[in-house]
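[1] I need the structure of the sequence given here:
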Amino acid sequence: MNDYDVIIIGAGPAGLTAAIYVQRAGYRSVVLEEYVAGGQMANTPEVENYPAVGKISGVELGMNLYNQVLEQGAQVEFDGVASADLTGRVKSVTTQSGRTITAGAVIIANGAKRRKLNVPGEEAYSGRGVSYCATCDGGFYKGKTTVVIGGGNTAVEDALYLANICEEVHLIHRRDAFRAGKVLVDSLLSRENIVIHYDTVPVEVLPNEGGKVVGALKVKNVKTGEETEIPAQGVFVAVGLVPDNKVFEGQVDLDPAGYIAAGEDTRTNLPGVFAAGDTRTKALRQIITAAGDGAVAASEAGSYLMQG
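    Purely as a prediction, here's the structure:
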């Protein structure tokens, strides 16, 4: 007998929603999460576009979902996936702690991770001034100067969040117009302590005089070629997401960008394996679309299990 009916990889909105639906259908599920409940949602200062909820922090929304999953009787383990064998009738997943778990179906909802800049100094000063989560680390820079890099919703949200904490925030964007939503951009433009640098890209993260932490960010104007240094104690990177599906490579089909090739029915090329949320090929990556994927994947997994 398998350990569970369904293994759910990831505790973001897709994975947690899947767990709720799996449990309500009468199946036994376990959710495996490497980091924190809520996934990328936990990094969002405020969620304002989730229907019927109004304004809520990403952490609170994530915890509400997590608690609902526990109330439904699902098992949640904070342990990442080291390897997986998904090709047979019995699916097995080995966790980073060395435990092997079996199930009849697997829902991959591991989301995506923040894309890195790949500029000199980024790796060296990661955790020493370079961060990928404003809500996690912003408090360390109260009254200081910070830089946010990016032009989408996440970058603008990070800049607005940091503007409430920091003396000054510099927003670096490689284009001359933002991709973020109009409401966010309007709010951004109204903030006096946010300095926007259009047509600008990061060149190098520079240390302070002591050489142990960040002291400045060197940037370049893409139109003039001019390079300047922005003195700052914190550099926050928000330049999009990248999939993290190497552990499934060679079993589950991936698209050219590395996302799992699965349609709106969440089915992958492998029977009994489904992909939900940001990890799969899709046009819109939002909390609500991830939750919808989770419900669909749970339903598809249930139908698969019923076939025996």
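[2] What ranges does the stretch 201-308 of the chain have for its strands?
    In the stretch 201-308 of the chain, the segments counted as strands under DSSP state E, counting those that start in this stretch are 214-221, 227-231, 234-237, 241-243, 273-275.
[3] any idea which of these is most buried?
    Using mean count of other Cβ atoms under 10 Å, the stretch among these with the largest mean neighbour count is strand 273-275, at a mean of 29. Where C-beta positions appear, they are placed from N, C-alpha and C, glycine not excepted.
[4] Can you give the distance from that strand to the centre of its chain?
    Shown here is strand 273-275, whose average C-alpha point lies 18 Å from the average C-alpha point of the whole chain (Cα atoms, centre = their mean, to the nearest Å).
[5] Please apply the same query to stretch 154-167.
    The answer for stretch 154-167 is 18 Å, by Cα atoms, centre = their mean.
[6] Mind listing what's buried along that stretch?
    If you call a residue buried by 16 or more other Cβ atoms under 10 Å, then stretch 154-167 has these buried ones: 154-163, 165-166.
[7] Just name the shakiest helix or strand of this structure by mean pLDDT.
    Sorted by mean pLDDT, DSSP states H and E, the helices and strands of the chain end with helix 134-137, the least confident at a mean of 82.
[8] so the residue positioned nearest the centre of the chain, which of the three states?
    Centroid-nearest residue in the chain, with Cα atoms, centre = their mean: residue 40, separated by 3.2 Å. For residue 40, the reduced secondary structure class is helix; criterion used: DSSP: H, G, I helix; E, B strand; the rest coil.
[9] picking up where we left off before, and the buried residues of stretch 154-167, which is closest to residue 299?
    Distances from the buried residues of stretch 154-167 to residue 299 were compared by Cβ to Cβ; the smallest belongs to residue 154, at 30.0 Å.
[10] what are the phi and psi values for that closest one?
    Dihedral angles phi and psi of residue 154 (degrees, to the nearest 10) take the values phi -60, psi -40.
[11] Apart from its neighbours in sequence, what residue is nearest it?
    Setting aside the residues directly before and after it, residue 154 is nearest to residue 238 in space (Cβ to Cβ, 6 or more residues apart in numbering), at 4.4 Å.
[12] Next, count neighbours for that neighbour.
    Neighbour count of residue 238, defined by other Cβ atoms under 10 Å: 26.
[13] Let me see the contact set for it.
    The neighbours of residue 238, taking Cβ atoms under 8 Å, 6 or more residues apart in numbering as the test, are 114, 132, 134, 148-150, 152, 154-155, 158.
[14] change it to 6 Å
    For residue 238, the contacting residues are 150, 154-155, 158, by Cβ atoms under 6 Å, 6 or more residues apart in numbering.
[15] now it: how far from residue 158?
    In this view, residue 238 and residue 158 are 5 Å apart by Cβ to Cβ, to the nearest Å.
[16] Mind listing what's buried along stretch 48-67?
    If you call a residue buried by 16+ other Cβ under 10 Å, then stretch 48-67 has these buried ones: 50, 57-59, 61-62, 65-66.
[17] and what of stretch 79-95?
    Buried positions in stretch 79-95, judged by neighbour count with 16+ other Cβ under 10 Å: 79-81, 84, 86, 91-93, 95.
[18] for those residues, which one is nearest residue 106?
    residue 91 (4.7 Å).
[19] quick revisit: need the least confident one among the strands of the stretch 201-308 of the chain, by mean pLDDT.
    Per-segment confidence across the strands of the stretch 201-308 of the chain bottoms out at strand 241-243, which has a mean of 88 in mean pLDDT.
[20] Partner strands of that strand, with direction?
    Each strand paired with strand 241-243, and its direction, by DSSP bridges: strand 112-114 (antiparallel).
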